[in-house]
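K.L.:
okay, predicted coordinates and the sequence, questions at the end:
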Amino acid sequence: MTPSTNRSKSNRGGPPPGTDRADTIGGQLERRIARIEFAEGAVSRLRVPVPAPGATAGREVLTDIDVLSLDVDLRLRVSRSSAECKSGRGQSGEPQTLVWLAGFRQLLELDRVTLVRTSISTRGRELARRLNIATLDEHTIEQRETTNRWLPDRFAHLDGFECSAAESKTDGQLRGLPALSSPIAQFLRGDALLADPPALIAAVEAFGDDVVAQGALPEPAATVLAGHALFAIVLAATQDAGTLDSRTPRQLREKLQRELVTPDPTLFALLDRADDLVRHVLGRVHKAYVDAGAEPLRIDAPSLRESIVRPLPFLNDYVDFVERLRANPTVARDLLQTTELACFDLMLGGQGWASPAFGHLFTAEHKGLLLVALRCLERIAGPQVAGPLNGLQAMKVFSGQRGVPDRSIPPQALTGRAGQSDGSAFVHPTIAGLEPE
């Protein structure tokens, strides 16, 4: 969806110029896999660019991930997996792709990688087994799709028309917003999916500073970037919530305080030793004066460590959000999916979020946690960033699917635009059909 994504794929034999990749055979296969992943509880994104740190201008993107999925279990542990989709027939290049995927998994520290092909040879399956790589062929895909037909075909970042149009228009608007750091915006829109909590929080904070310097952002860029920032906060908090079994909230706060100042873990240890040395020297000098008959005085030596630690007023709100997630894992494990649908479907005027297939993601408990996340976003990045998402407070809550649904029934045609949008009909954030509670 972003220019960097299209550029990276064109180097690997992408679709002809003027052809939307989402409408090619390969693009449709990618969407099918991402749709299955979403149906089975993961947040999926298509064509996620992989950065190349230290690269020269014009080569910042190494490649892209056809399908990137984030799974959250009931202990709020986040695992990441990718799928490499090959729509061509035949066995040409199959061994090379598998070996490449093994290195790709190591490079990005992925928990699981999958090769998706129309058919996979016996040789390919054996090599994949030895490399611990999963495989999917057309027959297996069709079997998994059979029980998930009730999902919409397109929604949010799964080539949803409204989302694709808004993201594309945001690309153009960013070129006219010089105060917004291009690396920060690119990070939030792609790299954040692979980042750890300190990097996510730091990026959102830096984005807030950029928005203050730039001023009011145009639509849909304001809502799109706010959605990515909110998603980053939810992802960071979910990952931190998964660590509360091994550390206390106070230890988490102290860890974040350190890591948001510097990524070098040895710096604070060095400063602590320097403070000890300063106190030792001052103590010896003071003792010498007292031994010579001077009146004892209380000396408070300034701390080198405290001199570089900046206040982080948002930490209490953030840690509170983390604790709320850990206290309700059954709902918290779904919150990334809820955030994805709320920010990139509902807030952009899409209709996919209203599908009965997503009813379990829009309960009062999900709304409550989402609004706490929105409060954290405002505290970290400021009201100018969070403001475009204030419409979430009026999100109509419905109870979701009751009983045992028939997931093999395709969704009924939804009202609204049936064709691809150019972004001119952007709806924000007062959406028809949404009523305050």
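P.N.:
Now that the structure is in, tell me what you want to look at.

K.L.:
please count neighbours and contacts with C-alpha atoms only from this point.
P.N.:
Fine.

K.L.:
what about the helix or strand residue 384 falls within, distance to the chain center?
P.N.:
Element membership of residue 384, judged by DSSP states H and E, is helix 383-386. Distance of helix 383-386 from the chain centroid (Cα atoms, centre = their mean, to the nearest Å) equals 18 Å.

K.L.:
what's that helix packed up against?
P.N.:
helix 197-214, helix 221-241, helix 364-381 (3 or more Cα pairs under 8 Å, 6 or more residues apart in numbering; DSSP states H and E).

K.L.:
doesn't residue 245 fall inside a strand?
P.N.:
No: counting by DSSP: H, G, I helix; E, B strand; the rest coil, residue 245 falls outside a strand, being coil.

K.L.:
which pLDDT does the model give it?
P.N.:
pLDDT, residue 245: 92.

K.L.:
pLDDT weak spots in this structure?
P.N.:
1-18, 90, 262-272, 275, 299, 303-310, 395-405, 407, 412-437 (pLDDT under 70).

K.L.:
roughly how far apart are the residue nearest the centre of it and residue 64?
P.N.:
Closest to where the C-alpha atoms of the chain average out (Cα atoms, centre = their mean) is residue 193, at 3.9 Å. Distance of residue 193 to residue 64, given as Cα to Cα, to the nearest Å: 13 Å.

K.L.:
so which residues of the stretch 1-150 of the chain form helices?
P.N.:
Using DSSP state H, counting those that start in this stretch, the helices of the stretch 1-150 of the chain run over 3-10, 25-39, 94-108, 122-130, 138-146.

K.L.:
I should have written the stretch 251-400 of the chain there, sorry.
P.N.:
Using DSSP H, counting those that start in this stretch, helices in the stretch 251-400 of the chain cover 266-291, 304-308, 315-327, 329-332, 335-341, 364-381, 383-386.

K.L.:
most neighbours per residue, which of those helices?
P.N.:
Highest mean neighbour count of those: helix 335-341, a mean of 25 (counted as mean count of other Cα atoms under 10 Å).

K.L.:
can you list contacts of that helix?
P.N.:
38, 41-43, 155-156, 230-231, 234-235, 352-353, 361-362, 366, 369-370 (Cα atoms under 8 Å, 6 or more residues apart in numbering).

K.L.:
can you tell me how far the residue nearest to the centre of the chain is from residue 149?
P.N.:
Distance of residue 193 to residue 149, computed by Cα to Cα: 27 Å.

K.L.:
which residues touch the helix holding residue 384?
P.N.:
208, 211-212, 216, 222, 226, 374, 377-378.

K.L.:
in JSON lines: the residues you listed, plus distance to residue 104.
P.N.:
Shown next, in JSON lines, are the contacts of helix 383-386 (distance: Cα to Cα, whole Å):
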{"residue": "208", "distance to residue 104": "33"}
{"residue": "211", "distance to residue 104": "35"}
{"residue": "212", "distance to residue 104": "38"}
{"residue": "216", "distance to residue 104": "40"}
{"residue": "222", "distance to residue 104": "33"}
{"residue": "226", "distance to residue 104": "30"}
{"residue": "374", "distance to residue 104": "34"}
{"residue": "377", "distance to residue 104": "32"}
{"residue": "378", "distance to residue 104": "36"}
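
K.L.:
one step back: out of the helices and strands packed on helix 383-386, which is closest to residue 75?
P.N.:
The minimum distance between residue 75 and the helices and strands packed on helix 383-386 falls on helix 221-241, with 8.4 Å, by Cα to Cα.

K.L.:
which helices and strands does that closest one pack with?
P.N.:
helix 161-174, helix 182-189, helix 197-214, helix 315-327, helix 335-341, helix 364-381, helix 383-386.

K.L.:
apply 7 Å and report the result again.
P.N.:
Helix 221-241 sits against helix 161-174, helix 182-189, helix 197-214, helix 315-327, helix 335-341, helix 364-381, with contacts defined as 3 or more Cα pairs under 7 Å, 6 or more residues apart in numbering; DSSP states H and E.

K.L.:
run the chain-centre distance for the fifth one.
P.N.:
Spelled out, that is helix 335-341. Worked out by Cα atoms, centre = their mean, helix 335-341 lies 10 Å from the chain centre.
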